[in-house]
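Asks: got a sequence here, can you model it:
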Amino acid sequence: MSAGYVLKEGFAGLGRAKLAAFTSMFSLFIAVLLIGVLFRIGYNAYEVSQVLKQQVEVEVFLVDMDDSDTNRLQNLLIEKPEVAGLAYISKDSASQVFQQEFGLGAETISRLDFLPASFRLTMSDEYQVAQIDSVVTEIRGYDGVDEVRFNLALLQTIEERTDTFFIAGIAIGLFILFVAMILVFNTIRLTIYAKRDLIKAMKLVGATNAFIRRPFLVEGVLQGIIAGSFASMAIFTLFELLIPRFIPQVGILSWPFGQWYFLMGGTVLLAILMGWWGSRWAARRFIRDSRVAS
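Replies: Numbers count the residues shown, from 1 in each chain. Okay, the predicted model is just below:
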């Protein structure tokens with residue numbers, strides 16, 4: 001019976017302060033919509049940065065040495081956890097690569113046999129730039145290594161821009177969440193004020209604060225469910241139907257974790273948590289004798 005009363009009052013609370021409830025749900029809708037869009041963009045920006053980092057190769061040029069020394073050096077390089085992949089470029093292969101990259105006129109130059117053998121290392125994206133630079137410095141000291149070519153500046157730029165983007169995204173997301181929760185807080189506060197006489201009567205007959213708070217928590221959760229459902233539908237429509245129509249390239253962007261429903265479910269869950277926390281905050285603060293007095 002108490003559960004039925006809690007649910008009934010939770011639904012009824014949405015109708016007691018219609019404008020405030022609509023404002024709260026609309027704010028939640030906008031908040032989780034923006035956060036969902038930011039997360040989708042941020043996820044793809046992260047994927048792009050990882051691809052770019054993997055394309056920054058470390059070229060290790062070798063002095064003339066026999067096969068056994070080459071194999072020894074190769075084993076040393078591949079054993080390093082920072083090295084995700086390794087390709088050996090022999091002197092003959094280096095001449096072919098030179099011709100492919102420089103085209104006409106390169107064939108005569110490549111025959112001069114001045115191009116050294118080398119290893120092309122693909123570095124793991126799990127490590128920071130400073131760690132990779134430390135490994136490159138260590139490799140420069142290996143026997144048989146003539147020169148190491150590594151575009152440190154490009155890798156640092158990629159990492160710095162990625163970090164800046166994420167810090168800005170997190171700051172904006174937290175601000176949006178805070179504003180939305182304040183609006184939920186105010187909506188529940190207005191509902192509590194409208195029911196102040198009933199709350200006092202319930203306390204006189206022995207109702208606990210926890211029991212009185214439950215309908216308001218249900219109301220906050222309902223606001224989150226409604227706002228989150230509309231926001232998830234808007235995100236899906238935006239990225240699957242509207243934007244690809246005008247910018248087809250957006251259609252190739254991947255959804256977080258490979259499926260659209262992860263982001264949709266996360267959007268609804270976030271809205272529910274925000275609605276619950278905002279209503280809990282207001283209910284715990286205002287359901288006291290001093291707060292509901294006439």
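
Asks: with just CA atoms, put stretch 265-280 into PDB.
Replies: Listed next in PDB are the C-alpha coordinates belonging to stretch 265-280 (Å, rounded to 0.1, in the frame of the first residue of the first chain):
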ATOM      1  CA  GLY A 265      21.300   3.900 -22.400                       C
ATOM      2  CA  GLY A 266      24.000   6.100 -20.800                       C
ATOM      3  CA  THR A 267      22.000   9.200 -21.600                       C
ATOM      4  CA  VAL A 268      18.800   7.900 -20.000                       C
ATOM      5  CA  LEU A 269      20.700   6.600 -17.000                       C
ATOM      6  CA  LEU A 270      22.500  10.000 -16.500                       C
ATOM      7  CA  ALA A 271      19.200  11.900 -16.700                       C
ATOM      8  CA  ILE A 272      17.700   9.500 -14.100                       C
ATOM      9  CA  LEU A 273      20.600  10.000 -11.700                       C
ATOM     10  CA  MET A 274      20.500  13.700 -12.100                       C
ATOM     11  CA  GLY A 275      16.700  13.800 -11.400                       C
ATOM     12  CA  TRP A 276      17.100  11.500  -8.400                       C
ATOM     13  CA  TRP A 277      20.000  13.400  -7.000                       C
ATOM     14  CA  GLY A 278      18.400  16.800  -7.500                       C
ATOM     15  CA  SER A 279      15.100  15.600  -5.800                       C
ATOM     16  CA  ARG A 280      17.000  13.900  -3.000                       C
END
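
Asks: quick check: next helix or strand after the biggest helix by length in the chain?
Replies: In the chain, with assignment by DSSP state H, the single longest helix is helix 152-194. Next in sequence after helix 152-194, counting helices and strands by DSSP states H and E, comes helix 196-204.

Asks: and that next one, what does it pack onto?
Replies: helix 209-237 (3 or more Cβ pairs under 8 Å, 6 or more residues apart in numbering; DSSP states H and E). Quick note: C-beta positions are derived from backbone N, CA and C, even for glycine.

Asks: for the chain, which helix or strand comes out least confident on mean pLDDT?
Replies: Lowest on mean pLDDT, DSSP states H and E among the helices and strands of the chain sits helix 106-110, with a mean of 47.

Asks: what sits up against the helix or strand that comes right after it?
Replies: Following helix 106-110 in sequence order, the next helix or strand is strand 118-123 (DSSP H and E). The contact list for strand 118-123 (Cβ atoms under 8 Å, 6 or more residues apart in numbering) reads 53-54, 56-62, 73-74, 77, 82-89, 94, 132, 135.

Asks: kindly calculate the angle that strand 118-123 makes with helix 152-194.
Replies: 10 degrees (axes from the mean of the first three to the mean of the last three Cα atoms, to 10 degrees).

Asks: give me the buried stretch members for strand 118-123, please.
Replies: Ser118, Phe119, Leu121, Thr122, Met123 (16 or more other Cβ atoms under 10 Å).

Asks: ditto for stretch 194-205
Replies: For stretch 194-205, by 16+ other Cβ under 10 Å, it's Lys195, Ile199, Met202, Lys203.

Asks: so where's the stretch 101-250 of the chain shaky on pLDDT?
Replies: Within the stretch 101-250 of the chain, the stretches with pLDDT under 70 are 101-114, 249-250.

Asks: I'm done for today, thanks for sticking with me.
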